[in-house]
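Novice: Here's my sequence, what's the structure:
(2 chains)
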Amino acid sequence: MASLLQPDRVVYLVRGEKKIRAPLSQLYFCRYCSELRSLECVSHEVDSHYCPSCLENMPSAEAKLKKNRCANCFDCPCCMHTLSTRATNIPAPLPDDPTKTAMKKAYYLACGFCRWTSRDVGMADKSVASGGWQEPENPHTQRINKLIEYYQQLAHREKQERDRKKMARRRQCMPLAFSQHTIHVVEKYGLGTRLQRQRPGAPLSSLAGLSLKEGEDQKEITIEPAQALDEVEPLPEDCYTRPINLPEVTTLRQRLLQPDFQPAGASQLHPRHKHLLMKRSLRCRKCEHNLSKPEFNPTSIKFKIQLVAVSYIPEVRIMSIPNLRNGKESQVLLTLTNPVENITRVSLTSCEENDPDEINSTAKVLVPSKELLLAGKDAAAEYDELAEPQDFQDDPDVVAFRKSNKIGFFIKVIPQKEEDTDVTVSFKIRHDFRNLAGPIRPSEEGADTAAEAIWLTHHVELRLGPLAS
Amino acid sequence: MIEWLNGASHRTSSFTMADKQNAQKSVKIATGAVVCVESEIRGDVTIGARTVVHPKARIIAEAGPIVIGEGNLIEEQALIINSYPENIIPDSEVEPKTMTIGINNVFEVGCVSQALKIGDNNVIESKADVGRNVILTSGCIIGAFCQVNTCEVIPENTVIYGSGCMRRVQTERPQPQTLQLDFLMKILPNYHHLKKTVKAGHAAS
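Specialist: Residues are numbered from 1 along each chain as shown, chains lettered A, B, ... in the order given. Now for the predicted structure:
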């Protein structure tokens, strides 16, 4: 029954700006605020850019210059796979002696998945293995660049006026620092920070950071407005009678991946440089501590800081479900795993009558009233044969089995509704959490003080599956 | 009495049919072909010169003979089968249809091919499934894990790829795998026993 182990069966409630229910494996735990955080209540920041095929790191400024594309790698315009360079030997006349021919290496790009080659669009073979391939020039680049400059100037002017107004109103925060911080934040992070989001009516504020420095004399850039034409190019005469050559027509996806040209024919699909991916770090919005910070090296998958919820909060998993019948009480076997190294005490309570969090449950649940003890996670336990098994007095009605840091326990479920939907139950789990990351205060009682234990409560919802027919 | 006579005549006719079938049910391997002993070849199969059949490849001719041309590469666990449609053996004797495979084709690992007519220079990639009513012309590439069981003639130089079996036409046909074939013909005899070559057209007496 591997479907019982699916992550979305057991969800934990995150009390943030929005109430989000997510499995524990997708949540983070801020140990400074002692609260669960989901991806929606943290701020995402770009750490570094890298190319997914050549794994080359690129500083953010360079990435912006190259429009977030790798210089060496190409994408197949047909199937978006990575293109590889292949070599063939072609006879070419020697430069010294035109009559003799020698074998020279010629390189072309080919896709291993859909067998597209650069020769299909008429690109000539190059004599160098890398660096010889050019993307076609967009005929409208000049006009676009001019427009961008003009609007950058406009945005900068708007931002300056707004900052001046804020300074005049004498807000609590430091005015100059505020505007500097705005520039710094906008420039580095772009859209997505709190400051940006609190100004919903602000257009083009993202471009403001990219413009020239304050105080520098800017010459006025004027643009000619676009002119509307009366006459449009007529359709070709055989538009309705010409039979369609289906392999030649590009799909929408292929067309829109090249917004500069949007070619309608497959013979104009040129390869583009590969998009860079980025590594992001997550930051708790309340206490501004980092929750997740990956390593800088693109080849490394480890993290410098990794505060994921599964390593702090005990995890509930469904082990076996009997046949559930409406109105009849059945016993469901759940497991609780302790991720930390010290003994954790867990107590479960069913939700009250008018609990605002309980919106999804379709069954009544009776949880064990006694407190459950979970042994600490001991990595060396399996190798240590001399260790005495810890003796916990387990009530066999409640605890089914115990295995190192995991216990299996029963809950009683009484489905209330006769509908076709899944039976969902929810309860509150309360456990003690020792914050080992807190500041080490010089203790008066000696070196024996463990960190203070605080009790955390989480709301857990389980999806048990449909009623047995 | 009449029934007994009819039964006897029926038996004699079936005897000669079985004899004919036995005569045809032989594997004819041309000289120069490399066919490993671990491959399973059943029925009336003709294999051309310079063809390499890897161990664990299966060529099964149930509903008719199979004729394989020259320079083909049939890799491990490939299945080339000429079977009755939907495995229903017809009650009456149906005319056996010959499956022809041209030259320089590649049947990659784990593919299943039931197409009755395959031209030259085609590539059937790993775990692809080609149905009985498909006719491959030349230069076609059936991508990995693509299942093609339509009733059509695939035009030349078509590439079928992707989970949705997208198609496109390539400008040049895939190159014949001469280098790979030469290498295999040298190396395979070092590690496997080969089936004996029989000249095609040699009547099995």
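Novice: For A:Gly376, which non-adjacent residue is closest in space?
Specialist: In space, A:Gly376 comes closest to A:Glu341 once its chain neighbours are excluded; the distance is 4.5 Å by Cβ to Cβ, 6 or more residues apart in numbering or on different chains. Backbone N, C-alpha and C define where each C-beta goes, glycine included.
Novice: And for A:Thr362?
Specialist: In this structure, A:Thr362 finds its nearest non-sequential neighbour in A:Lys417, 4.6 Å apart by Cβ to Cβ, 6+ apart.
Novice: How many residues are close by that neighbour?
Specialist: Around A:Lys417 there are 14 other residues, counting by other Cβ atoms under 10 Å in any protein chain shown.
Novice: cool, and A:Glu352?
Specialist: Number of residues near A:Glu352 (other Cβ under 10 Å) recorded here: 10.
Novice: Assign it to helix, strand or coil.
Specialist: Secondary structure assignment for A:Glu352 (DSSP: H, G, I helix; E, B strand; the rest coil): coil.
Novice: Quick check: residues of chain A near chain B?
Specialist: On the criterion Cβ under 8 Å from any Cβ of the partner chain, chain B has as its neighbours in chain A the residues A:Cys78, A:Cys79, A:Phe113, A:Cys114, A:Arg115, A:Trp116, A:Thr117, A:Arg119, A:Asp120, A:Pro247, A:Thr251, A:Ala266.
Novice: Tell me which two in those residues are the farthest apart.
Specialist: A:Arg119 and A:Thr251 (21.1 Å; Cβ to Cβ).
Novice: Quick check: pLDDT value at A:Glu358.
Specialist: Here, the pLDDT recorded for A:Glu358 equals 74.
Novice: who's in contact with it?
Specialist: A:Glu358 makes contact with A:Cys351, A:Ser426, A:His459, according to Cβ atoms under 8 Å, 6 or more residues apart in numbering or on different chains.
Novice: Quick check: phi and psi on it?
Specialist: phi -90, psi 90 (degrees, to the nearest 10).
Novice: Please apply the same query to the one 5 residues further on.
Specialist: Summarising the backbone geometry of A:Ala363 under the convention degrees, to the nearest 10, its torsions are phi -150, psi 160.
Novice: again, but for A:Glu40
Specialist: Listed backbone geometry of A:Glu40 is phi -90, psi -20, with angles given as degrees, to the nearest 10.
Novice: circling back to that earlier point, for the contacts of A:Glu358, pick the one with the most neighbours.
Specialist: Neighbour tally across the contacts of A:Glu358 (other Cβ under 10 Å): the maximum, 22 neighbours, falls on A:Ser426.
Novice: Just the element for that one, please.
Specialist: When secondary structure is defined by DSSP states H and E, A:Ser426 falls within strand A:423-434.
Novice: Show the contacting residues for the residue nearest to A:Thr362.
Specialist: Contacts for A:Lys417 (Cβ under 8 Å, 6+ apart) come out as A:Asn326, A:Thr362, A:Ala363.
Novice: which residues does the last one bridge with?
Specialist: Counting by DSSP bridges, A:Ala363 forms beta bridges with A:Pro415.
Novice: Name all residues that make contact with it.
Specialist: With contacts taken as Cβ under 8 Å, 6+ apart, A:Ala363 has the following neighbours: A:Leu324, A:Val413, A:Ile414, A:Pro415, A:Gln416, A:Lys417, A:Val423, A:Thr424, A:Val425, A:Leu464.
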